[in-house]
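Engineer: give the three-dimensional model of this entry:
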Amino acid sequence: ADFNYGADEYDAEGNEEPKALPEGSETMPYIDESPTMSPQLSARGQDSGDGVSPTPTDGLGTGGERDAGKGLEMRKLVLSGFLASEEIYINQLEALLLPMKPLKATATTSQPVLTLQQIETIFYKIQDIYEIHKEFYDSLCPKVQQWDSNVTMGHLFQKLASQLGVYKAFVDNYKIALETAEKCSQSNYQFQKISEVSRDGAVPVGQVWDRADLLKHTPADHPDYPLLQDALRISQNFLSSINEDIDPRRTAVTTPKGETRQLVKDGFLVELSEGSRKLRHVFLFTDVLLCAKLKKTAVGKHQQYDCKWYVPLADLVFPSPEESEHCPQVHVIPDHELEDMKMKISAIKSEVQKEKANKGQSRAIERLKKKMFENEFWLLLNSPAIPFRIHNRNGKSYLFLLSSDYERSEWREAIQRLQKKDLQAFVLSSVELQVLTGSCFKLRTVHNIPVTSNKDDDESPGLYGFLHVIVHSAKGFKQSANLYCTLEVDSFGYFVSKAKTRVFRDTTEPQWNEEFEIELEGSQSLRILCYEKCYDKTKLNKDNNEIVDKIMGKGQIQVCSEASGHPLTQKGDSLGPGTWAGRIKVEFSMKFTSRDMSLKRTPSKKQTGVFGVKISVVTKRERSKVPYIVRQCVEEVEKRGIEEVGIYRISGVATDIQALKAVFDANNKDILVMLSDMDINAIAGTLKLYFRELPEPLLTDRLYPAFMEGIALSDPAAKENCMMHLLRSLPDPNLITFLFLLEHLKRVAEKEPINKMSLHNLATVFGPTLLRPSEGESKAHLTLASDIWSHDVMAQVQVLLYYLQHPPISYSELKRNTLYFSTDV
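Structural biologist: Residues are numbered from 1 along each chain as shown. I've put the predicted structure just below:
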């Protein structure tokens with residue numbers, strides 16, 4: 001049987017074990033984005049599954065009936081036709097935009113044809129659509145005109161597909177635009193003709209990507225094939241979500257009074273109820289927010305939801321931080337418990353993959369999958385910490401916990417958009433509530449809990465490695481503000497914040513040009529949020545997880561091809577108006593480095609520096625016991641960074657780290673001045689980079705197997721003897737530097753209440769850096785992509801944690817005891 005531990009089998013209260021679906025039961029595909037979220041980036045659309053991506057039906061590129069030459073000629077013809085229709089479409093858009101400038105010019109005169117607000121409403125997003133298609137046309141045209149059978153243009157279609165979000169905003173505004181145009185045309189004859197053209201120009205959503213013929217006539221081994229396949233999949237998912245929004249029959253329920261109540265958005269959220277966390281399925285309808293959980297039903301019986309509470313949108317308010325003191329405070333699960341669970345999940349994943357590779361028993365695999373689901377469910381329930389507070393004007397308040405401020409913003413904006421309409425307060429009768437709750441199972445768009453164990457075997461597992469992101473600049477702000485960006489990536493089924501730029505003060509065009517190295521753990525998407533920094537102390541909340549800074553814009557982009565699972569590299573790209581609130585555009589670049597490539601310890605060719613040079617060479621040259629770079633970075637962190645939240649965990653700006661690396665390598669006289677001016681996270685990042693780039697790990701390749709065996713010993717006395725003896729066996733420069741770093745990390749952990757960095761957190765950051773073997777030794781240890789949390793990595797963390805939790809270890813005491821032990825390990 002093909003088991004799927006989805007939403008239909010969980011008990012949100014945690015009272016019942018997840019159970020397998022009976023054979024023959026219908027399993028719904030996992031959809032992790034609702035139609036109101038950026039549809040062009042959803043992982044899987046509601047209609048996805050077998051047959052979504054077309055395959056070459058006539059054998060093109062695979063030795064079919066037609067020869068490859070004829071197939072490529074057909075490809076050129078299809079592209080030429082596509083180019084012609086694009087040209088017509090762009091001309092139509094130009095015709096639509098033609099009257100916009102004179103209309104705007106008259107809007108500021110004493111006799112305006114239309115007000116600026118009316119112009120903005122009627123022509124909403126048309127300029128953005130025009131720019132997207134003009135750029136696409138200008139890039140595609142020369143490739144078709146100067147035809148070459150090997151020419152590639154799949155990336156152009158992929159980029160076009162990724163920008164389809166602009167049509168979502170266009171469609172959402174379409175009805176209002178028509179109503180405004182009709183009202184204006186009735187009062188102004190000159191505008192009547194423009195109104196008719198505007199109505200015709202609103203059709204393009206349907207023709208965005210009705211071009212499966214191009215994929216059909218592209219050989220399967222052509223470089224464009226996977227890119228076109230991915231673009232088509234994104235487009236179909238998007239069009240499917242648009243159609244669901246447009247067609248009220250599929251997303252609406254009729255009330256007993258004959259009124260239509262449409263489902264706008266739904267998803268799984270964690271509610272803090274009566275002091276404990278509960279997983280809820282939340283449904284946002286046009287006039288009410290409903291919080292529900294699945295009822296426990298017998299196997300084979302129809303699943304139904306049980307309504308926990310509802311709030312009419314006319315009565316719903318978002319309390320400000322200072323008004324929310326009566327709300328329950330958030331109990332945050334310690335980071336080390338979350339990291340421990342991630343390790344357990346990854347270890348089970350490795351076991352599942354090994355069982356599959358060895359063609360193990362299906363029962364054993366299903367038992368492992370069930371355990372993995374339970375662990376992932378725990379992580380999903382306990383990791384969110386960002387409060388999302390809902391208040392009913394009639395008195396009751398509710399608290400959800402989210403892992404992503406992006407997600408919180410999506411819910412808040414969706415509710416606020418609906419509240420702009422003329423809504424009336426009401427109370428649902430028991431019959432009305434029953435009808436509404438009963439419709440939820442049929443109308444829901446998110447079917448499964450967003451955990452990785454719900455993914456099909458053929459789905460992309462995401463990327464494991466490092467994503468290098470440069471946040472260049474932003475534009476489109478109407479007035480000066482203090483601006484910064486944060487970066488989020490998905491990990492273990494939910495999004496987490498990974499990096500943050502500096503605050504660019506008092507500007508409309510911030511130029512950050514900051515680079516970050518973000519560790520990916522099965523990630524598929526990158527989110528960028530742009531904030532205005534709040535310096536008003538009266539608005540700051542006691543709750544550390546409360547984010548009071550205002551989101552100015554946000555966007556999401558895939559880092560991993562949905563079809564192939566391969567990384568997507570963006571150079572100088574932007575998250576433009578289609579995916580951002582308002583007209584804000586953020587320019588960024590990104591490049592992915594696989595984990596096996598990024599873990600290589602490559603000796604430096606220049607032995608005059610410190611990076612990539614053996615620690616014994618550096619200490620001998622400096623005539624010091626601990627390398628100068630280690631001493632200076634530690635001193636600076638302890639001076640002004642020991643209370644920094646997330647010190648050593650938060651990414652420093654990569655360009656700053658590279659600048660520090662260069663001055664340390666050159667032994668520049670300005671090192672101390674530069675250190676005092678540099679962001680503390682960059683200094684912490686430089687120290688981590690130094691240990692990561694050592695040609696041999698600090699605890700040495702030779703002793704690595706013994707450390708792995710020692711930490712696995714169960715007898716405390718034997719483990720103590722072994723672990724201390726291994727330290728004595730280290731070369732003096734390595735041992736003294738390790739002990740120096742150990743004491744520093746303990747001092748950092750003493751400030752855990754302030755900096756949120758426990759011994760376990762620090763061990764997680766530094767363990768692999770200090771122990772991971774050099775390239776020749778590590779090949780045997782990196783067999784799977786998901787080995788980011790493999791058994792070896794877990795053991796490396798445990799080794800460092802053992803020494804961090806150990807009473808102070810002195811060099812002289814260790815050496816004194818050397819006489820009593822054999823030097824053979």
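Engineer: how near is residue 560 to residue 449?
Structural biologist: 21 Å (C-beta to C-beta, to the nearest Å). Where you see a C-beta, it was placed from the backbone N, CA and C, and this is true even at glycine.
Engineer: in this structure residue 426 contacts residue 312, no?
Structural biologist: Yes: in this structure, residue 426 is within contact of residue 312 by C-beta atoms under 8 Å, at 5.5 Å.
Engineer: between those two, which has more neighbouring residues?
Structural biologist: residue 312 (19 against 12; other C-beta atoms under 10 Å).
Engineer: got the confidence number for the more buried one?
Structural biologist: We have a pLDDT of 95 for residue 312.
Engineer: ok, it - contacts?
Structural biologist: Residues near residue 312 by C-beta atoms under 8 Å, 6 or more residues apart in numbering: 287, 288, 423, 425, 426.
Engineer: equivalent analysis for residue 91, please.
Structural biologist: No residues are in contact with residue 91 under the rule C-beta under 8 Å, 6+ apart.
Engineer: do the same with residue 442
Structural biologist: Per C-beta under 8 Å, 6+ apart, neighbours of residue 442: none.
Engineer: tell me if it really is in a strand.
Structural biologist: No: under DSSP: H, G, I helix; E, B strand; the rest coil, residue 442 falls outside any strand and is assigned helix.
Engineer: and it, what pLDDT?
Structural biologist: 84.
Engineer: got it, and the one 10 residues further on?
Structural biologist: In the prediction, the pLDDT value recorded for residue 452 is 71.
Engineer: name the nearest residue to it, ignoring sequence neighbours.
Structural biologist: Excluding the flanking residues, the one nearest residue 452 by C-beta to C-beta, 6 or more residues apart in numbering is residue 493, at 5.7 Å.
Engineer: what separation do you get for residue 270 and residue 383?
Structural biologist: Relative to residue 383, and taking C-beta to C-beta, residue 270 is found at 9 Å.
Engineer: repeat for residue 167
Structural biologist: For residue 167 relative to residue 383 (C-beta to C-beta), the value is 33 Å.
Engineer: cool, residue 76 as well?
Structural biologist: 51 Å.
Engineer: so which of the two has more stuff around it?
Structural biologist: residue 383 (24 against 15).
Engineer: how about the strands in the stretch 301-450 of the chain?
Structural biologist: Assigned by DSSP state E, counting those that start in this stretch, the stretch 301-450 of the chain shows strands spanning 305-312, 316-317, 386-392, 397-402.
Engineer: got those as TSV, with distance to residue 655 columns?
Structural biologist: Converted to TSV, the strands of the stretch 301-450 of the chain look like this (distance: least, C-beta to C-beta, whole Å):
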stretch	distance to residue 655
strand 305-312	47
strand 316-317	44
strand 386-392	29
strand 397-402	32
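Engineer: mind listing what's buried in stretch 682-698?
Structural biologist: 682-698 (16 or more other C-beta atoms under 10 Å).
Engineer: so which of these are in helices?
Structural biologist: 682, 683, 684, 685, 686, 687, 688, 689, 690, 691, 692 (DSSP state H).
Engineer: out of those residues, which one sits closest to residue 350?
Structural biologist: residue 692 (23.3 Å; C-beta to C-beta).
Engineer: sorry, back to before: widest-spaced pair of the contacts of residue 312?
Structural biologist: Between any two of the contacts of residue 312 (C-beta to C-beta), the greatest distance is 10.5 Å, for 288 and 425.
Engineer: more crowded one of those two?
Structural biologist: Neighbours were counted for residue 288 and for residue 425 using other C-beta under 10 Å; residue 288 has more, 21 against 11.
Engineer: show me what the more buried one bridges to in the sheet.
Structural biologist: Residue 288 has these beta-bridge partners by DSSP bridges: residue 312.
Engineer: how near is it to residue 407?
Structural biologist: 20 Å.
Engineer: mind listing the helices for the stretch 351-500 of the chain?
Structural biologist: Taking DSSP state H, counting those that start in this stretch to define them, one finds helices in the stretch 351-500 of the chain at 362-382, 405-419, 430-443.
Engineer: for residue 480, which non-adjacent residue is spatially closest?
Structural biologist: Residue 480's closest residue in space is residue 506 (C-beta to C-beta, 6+ apart), at 4.9 Å.
Engineer: strands of the stretch 451-600 of the chain, start to end?
Structural biologist: 463-475, 481-491, 494-500, 504-507, 511-523, 525-532, 550-558, 570-575, 585-594.
Engineer: adjacent strands (with direction) for the shortest one?
Structural biologist: Strand 504-507 has its sheet partners listed here by DSSP bridges as strand 481-491 (antiparallel).
Engineer: then the partner strand to PDB, C-alphas only?
Structural biologist: Output of strand 481-491 as PDB, limited to C-alpha atoms (Å, rounded to 0.1, in the frame of the first residue of the first chain):
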ATOM      1  CA  ALA A 481      12.800  55.800   4.900                       C
ATOM      2  CA  ASN A 482      15.200  53.700   6.900                       C
ATOM      3  CA  LEU A 483      15.200  50.400   4.900                       C
ATOM      4  CA  TYR A 484      16.600  46.900   5.300                       C
ATOM      5  CA  CYS A 485      16.000  43.500   3.800                       C
ATOM      6  CA  THR A 486      15.700  40.000   5.400                       C
ATOM      7  CA  LEU A 487      16.200  36.700   3.600                       C
ATOM      8  CA  GLU A 488      14.100  33.500   4.300                       C
ATOM      9  CA  VAL A 489      14.400  30.000   3.000                       C
ATOM     10  CA  ASP A 490      12.300  26.900   3.500                       C
ATOM     11  CA  SER A 491      13.700  24.200   5.700                       C
END
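Engineer: can you give me every residue that contacts residue 428?
Structural biologist: 288, 310, 436.
Engineer: which residues touch the first one?
Structural biologist: The reference is to residue 288. So residue 288 contacts 261, 310, 311, 312, 313, 428, 436 (C-beta under 8 Å, 6+ apart).
Engineer: would you mind measuring from it to residue 239?
Structural biologist: From residue 288 to residue 239 the distance is 28 Å (C-beta to C-beta).
Engineer: do the same with residue 644
Structural biologist: 47 Å.
Engineer: what strands line up against the strand or helix carrying residue 278, and which way round?
Structural biologist: Here residue 278 is covered by strand 276-285, with elements defined by DSSP states H and E. Using DSSP bridges, strand 276-285 pairs in its sheet with strand 260-273 (antiparallel), strand 288-294 (antiparallel).
Engineer: neighbours of residue 268, just the number please.
Structural biologist: Counted with other C-beta under 10 Å, residue 268 comes out at 20.
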